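Trainee: kindly return the folded structure for what I paste below:
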Amino acid sequence: MSTHLQPVDALSVAAANRRGIFWMLFAVFLFVSMDAIAKTLSQSYDIAQIVWARYTFHVLIMVALLNLRLPALLRTRRLPLQLFRSLMLLVTTSLFFLGISHIPLAEAAAVMLAVPLIVTALSMPLLGEPVGIRRWTGVLLGFIGALIIIRPGSDLFDPATLYVLAAACTNGLYHINTRQLSQSESPMTTLTYSALIGMIVMFFVVPFFWTTPDLWGWIGLVSIGAIGGASHFCIIKAYQAAPAAVVAPFNYSNMIWATFYGFLLFGDLPDGFTLLGAVILIASGLYVFYREQKKQAQSR
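Mentor: From the prediction side, this is the model:
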């Protein structure tokens with residue numbers, strides 16, 4: 001009997017892994033699509049208005065879909081951490097949108113490849129997780145890759161790149177908080193707080209930067225909120241379907257879509273230094289991820 005069950009189990013795991021990979025690839029595509037729309041809108045609207053739309057229409061769509069479930073989703077045992085995490089995501093979005101309004105999408109996407117390495121570097125002081133010499137080596141190599149992309153002190157250095165680097169740092173804190181909350185909070189509760197806090201904060205900020213949109217402006221602003229919400233939903237689905245070891249490496253497909261949109265919409269192509277730095281970041285990120293997975297497997 002067991003000889004018949006094993007192939008079926010193997011097939012079901014393989015099918016779940018394929019679903020997880022699909023959801024992750026689709027999530028990354030949606031995230032970069034949102035960034036491309038935000039960069040296009042930044043030519044006509046202030047970043048504050050774009051960030052406002054990102055969270056406001058996300059919340060409105062959640063209200064329409066979840067309706068009576070929202071009060072239950074707002075119940076949390078770790079309110080301060082939920083609020084801090086939500087603010088970190090809001091700051092990340094604001095800094096990143098500000099950065100891509102000045103630099104090419106592919107360059108910004110390459111800098112954001114440093115996020116997993118920042119999470120590893122922060123996990124020891126903030127989470128008390130031991131980080132061995134091999135993972136520290138991977139982190140160091142990754143930051144060398146980031147320096148190759150940013151090129152501080154050279155004639156090609158663009159100060160706007162520092163906005164994206166700061167976004168990578170706050171995004172690292174956001175991921176650390178997400179890891180802390182995942183032990184006690186449901187993903188939908190955390191997602192609800194992220195959108196709601198962003199909307200409330202930007203509600204008080206956006207009147208000072210408001211420009212009345214035309215039809216295409218409204219379409220773009222609504223699309224940012226809808227795509228942002230859908231992308232987070234896809235991330236949840238990816239991790240529900242398959243282990244992190246299977247789906248997380250596909251985060252790196254963002255460079256493909258950022259390069260595609262950058263060339264299609266803005267005529268930008270990454271230069272050799274950006275590509276070299278991205279390759280180093282991807283290689284070091286995958287190595288650090290491999291070491292983390294191996295350590296977790298040994299501790300079981």
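Trainee: pLDDT value on the residue lying closest to Thr161 once chain neighbours are set aside, please?
Mentor: Distances taken as C-beta to C-beta, 6 or more residues apart in numbering put Ile150 closest to Thr161, at 5.0 Å, once the chain neighbours are dropped. Heads up, the C-betas are built off the backbone N, CA and C, glycines and all. Looking at Ile150, its pLDDT is 87.
Trainee: and what of Gln298?
Mentor: Looking at Gln298, its pLDDT is 63.
Trainee: residues in contact with the residue nearest to Thr161?
Mentor: Residues counted as contacts of Ile150 (C-beta atoms under 8 Å, 6 or more residues apart in numbering) are Val111, Phe157, Thr161, Leu162, Leu165.
Trainee: can you tell me which of the residues you listed are buried?
Mentor: Among these, those classed as buried by 16 or more other C-beta atoms under 10 Å are Val111, Thr161, Leu165.
Trainee: next up, phi/psi of the nearest residue to Ser253 once chain neighbours are set aside, please.
Mentor: What sits nearest to Ser253 in space, not counting adjacent residues and going by C-beta to C-beta, 6+ apart, is Val28, at 5.0 Å. Here is the backbone geometry of Val28 (degrees, to the nearest 10): phi -60, psi -40.
Trainee: Val28: neighbour count?
Mentor: 24 (other C-beta atoms under 10 Å).
Trainee: before we move on, what about Pro270?
Mentor: If we define neighbours as other C-beta under 10 Å, then Pro270 has 22 of them.
Trainee: pLDDT weak spots in the stretch 1-150 of the chain?
Mentor: 1-8, 10-11, 68 (pLDDT under 70).
Trainee: show me the contacts of Ile150 that map onto helices.
Mentor: Under the assignment DSSP state H, the contacts of Ile150 contribute Val111, Thr161, Leu162, Leu165 to helices.
Trainee: from those residues, pick the one nearest Ile227.
Mentor: In terms of C-beta to C-beta, no member of those lies closer to Ile227 than Val111, at 21.3 Å.
Trainee: surely that closest one touches Ile148?
Mentor: No: judged on C-beta atoms under 8 Å, Val111 makes no contact with Ile148 at a distance of 10.7 Å.
Trainee: now the closest residue to Val63 other than its chain neighbours: which helix or strand?
Mentor: Spatial nearest neighbour of Val63, excluding adjacent residues (C-beta to C-beta, 6+ apart): Leu70 at 6.4 Å. Taking DSSP states H and E as the definition, one finds Leu70 inside helix 70-73.
Trainee: contacts for that helix?
Mentor: Met62, Val63, Leu66, Ser186, Met188, Thr189, Thr192.
Trainee: which element is Thr212 on?
Mentor: Going by DSSP H and E, Thr212 is not in any helix or strand.
Trainee: count of residues packed around it?
Mentor: Other residues within reach of Thr212, judged by other C-beta under 10 Å, total 7.
Trainee: now do Phe97
Mentor: 25.
Trainee: over to Gly132?
Mentor: That count, for Gly132 with other C-beta under 10 Å as the rule, works out to 11.
Trainee: now Leu60
Mentor: Counted with other C-beta under 10 Å, Leu60 comes out at 16.
Trainee: before we move on, what about Ala108?
Mentor: Neighbour number of Ala108 under other C-beta under 10 Å is 29.
Trainee: can you tell me how far Tyr193 sits from Tyr174?
Mentor: 12 Å (C-beta to C-beta, to the nearest Å).
Trainee: who touches both of those two?
Mentor: Shared contacts of Tyr193 and Tyr174, defined by C-beta under 8 Å, 6+ apart, are found at Arg85.
Trainee: which residues in this protein form helices?
Mentor: Along the chain, counting by DSSP H, helices occupy 2-41, 47-66, 70-73, 79-100, 105-112, 115-127, 133-150, 161-181, 187-205, 215-241, 244-247, 254-266, 272-299.
Trainee: circling back: single out whichever of the contacts of Ile150 has the smallest pLDDT.
Mentor: Least confident by pLDDT among those: that is Phe157, with 78.
Trainee: list the buried ones in the helix holding Leu70?
Mentor: Leu73.
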